[in-house]
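# show me the folded form of this:
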Amino acid sequence: MKKSMKKINISILLLLSGICIVALAQTEKFGEALHGLYTYKDFQRSTYCRQCHVEIYYQWQKSMMAQAFVHHWDEIEYFDLAVTHGMRNPKFKPVADGCNGCHAPFSFMAGDTPPPRPDKKSMANEGVSCDVCHTIVSYKQDEQYNFSYFSKPGRTKFGPRGGKNSPAHDIVKSELITKPEFCANCHNEKSPWGVWVKATYNEWKEGPYSKEGVICQTCHMPKASGKRAKTDNKLYDDLKQHTFHGGHSPAKYNGAIDVLVYPDTDFVEPGMKTKISVYLYNQKCGHKVPTGSVEDRLLYLHVEAIDSKGNVYHLKVDKKGFPGEEYTIASREKAYQDFAEMMDVPAGFDGIIREDVPVGDRIFRMPYFTQNGTMTIAQWNTATFGVDYRIAPRETKVETYTWTVPDTVPPGPLTIRATLYYQLLVRPVAQFLKVPESESKDRMINTDVATIDVIY
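Numbering: from 1, shown residues only. Prediction:
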């Protein structure tokens with residue numbers, strides 16, 4: 001009899017455990033199901049957290065996490081392109097709303113989409129703030145992308161350490177927040193056509209660093225000595241810094257790619273043909289370069305020769321002949337014709353110049369195409385990709401420049417200079433949409449020179 005009762009009790013416990021697990025799974029909502037699940041009042045502003053986490057707050061405030069919604073280009077892209085596209089074509093309305101799942105999570109989870117513009121100073125302006133990441137209790141385990149997290153706002157905050165509760169909130173240790181998959185929820189994105197329009201996590205996963213235990217937080221949240229809060233006097237040697245510095249930070253993009261120039265001779269004569277080789281090595285980034293908003297970025301290599309009198313000669317890259325290479329060599333071709341789907345454009349609009357860099361320079365990019373085959377800047381309107389000619393982790397690309405030395409070159413030293421430049425936003429797009437120049441200016445990644453002698 002006792003054995004029977006014991007079996008019954010165990011069965012009841014197992015059944016109740018199963019019911020609890022099912023109930024928990026049913027309450028967790030990911031992605032679009034998060035829309036309107038909470039209200040703004042359920043979340044705390046970052047200034048509330050600043051009262052105790054002073055240093056962490058100011059690190060975060062300087063980052064693109066804090067500017068995810070208020071950044072000038074993000075505001076223009078969202079309100080002037082994505083929102084209007086959703087108004088003109090209902091297919092894109094959920095996509096436009098979904099932008100906020102990663103750029104203004106409070107707004108998305110409060111169902112306030114589109115949120116007010118940044119000048120209204122709503123909770124959307126918080127961007128990706130403290131109470132976004134530290135209220136995430138789970139995320140989809142099979143595949144992380146398109147804000148596939150589940151947030152549970154309240155007094156309990158989740159972090160990597162746990163410890164004693166503070167006067168402001170309870171503390172629960174979370175292993176999730178220490179994983180690269182935590183970042184993948186927003187740094188992986190699929191378009192309505194099911195293609196990976198953002199794949200920084202995937203690039204890392206497929207590269208060498210994932211096998212070595214070097215994760216997103218290793219590089220973008222470096223460890224340092226410090227205190228985590230005013231209420232905790234303990235000094236930690238491995239406190240994660242909330243810098244989140246990436247492609248917008250000179251600390252990251254300066255020297256991100258090694259550039260080395262090698263001529264094939266020590267001297268040349270006028271009329272002589274020579275070949276210059278430029279080696280580009282990605283030894284610092286755990287993902288491809290450029291990454292993230294690949295459709296926005298422009299990474300290009302400019303090579304020139306300067307003679308003894310200061311005359312400058314532009315060298316054009318040698319073609320390699322791979323399919324789609326035409327998109328990796330600067331030209332004056334037009335692109336971005338789909339602006340006409342999103343906004344009012346002049347009659348007869350046939351696109352704008354694809355890139356505004358010297359014709360013949362090598363570009364390291366992966367072009368995004370609409371279902372009509374035109375190149376687009378809109379990730380939500382992307383159906384296919386062109387050739388992926390970016391620089392992968394620990395990859396070396398070699399570009400050659402075959403050049404016939406002009407007859408007019410004076411004798412003396414001839415300097416060959418190769419410079420790798422980076423634009424956060426393709427300049428013609430920035431000019432067309434009136435984005436501040438700071439977004440499209442050339443940022444020098446690296447440069448190198450070599451000298452050969454011109455003799456007669």
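# mind listing the strands for the stretch 351-456 of the chain?
Taking DSSP state E, counting those that start in this stretch as the criterion, the stretch 351-456 of the chain carries its strands at 352-353, 362-364, 368-369, 384-385, 396-404, 412-423, 443-454.
# sheet-wise, list the partners of the fourth one with their directions.
Within its sheet, strand 384-385 is paired with strand 368-369 (antiparallel), according to DSSP bridges.
# run through who's touching the strand it pairs with.
Contact with strand 368-369 is made by 197, 294-295, 375-379, 382-386, as judged by C-beta atoms under 8 Å, 6 or more residues apart in numbering. The way it works is simple: take the backbone N, C-alpha and C, and place the C-beta from them, glycine included.
# rerun at 10 Å
The contact list for strand 368-369, computed with C-beta atoms under 10 Å, 6 or more residues apart in numbering, reads 191, 195, 197, 294-296, 327, 335, 338, 374-379, 381-386.
# which residue lies nearest the spatial centre of the protein?
If you average the C-alpha coordinates of the chain and look for the closest C-alpha using C-alpha atoms, centre = their mean, you land on Gly292, 2.8 Å from that point.
# could you look up the SS state of that residue?
The local conformation at Gly292, judged by DSSP: H, G, I helix; E, B strand; the rest coil, is coil.
# just checking, it touches Glu189?
Yes. Between Gly292 and Glu189 a contact is recorded at 9.4 Å, counting by C-beta atoms under 10 Å.
# can I get the strands of the stretch 351-456 of the chain in JSON lines with mean neighbour count and mean pLDDT?
Below are these laid out as JSON lines (neighbours: other C-beta atoms under 10 Å; pLDDT from 0 to 100):
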{"stretch": "strand 352-353", "mean neighbour count": "18", "mean pLDDT": "98"}
{"stretch": "strand 362-364", "mean neighbour count": "24", "mean pLDDT": "98"}
{"stretch": "strand 368-369", "mean neighbour count": "22", "mean pLDDT": "98"}
{"stretch": "strand 384-385", "mean neighbour count": "14", "mean pLDDT": "98"}
{"stretch": "strand 396-404", "mean neighbour count": "16", "mean pLDDT": "98"}
{"stretch": "strand 412-423", "mean neighbour count": "20", "mean pLDDT": "98"}
{"stretch": "strand 443-454", "mean neighbour count": "16", "mean pLDDT": "98"}
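# identify whichever of these lies nearest to Asp237.
With distances scored as C-beta to C-beta, the stretch of these nearest to Asp237 is strand 443-454 (32.7 Å).
# so which elements touch that closest one?
Helices and strands touching strand 443-454, by 3 or more C-beta pairs under 10 Å, 6 or more residues apart in numbering; DSSP states H and E, are helix 250-253, strand 258-263, strand 267-268, strand 273-281, strand 298-306, strand 412-423.
# how about a cut-off of 8 Å?
Helices and strands in packing contact with strand 443-454 are listed as helix 250-253, strand 258-263, strand 267-268, strand 273-281, strand 412-423; criterion 3 or more C-beta pairs under 8 Å, 6 or more residues apart in numbering; DSSP states H and E.
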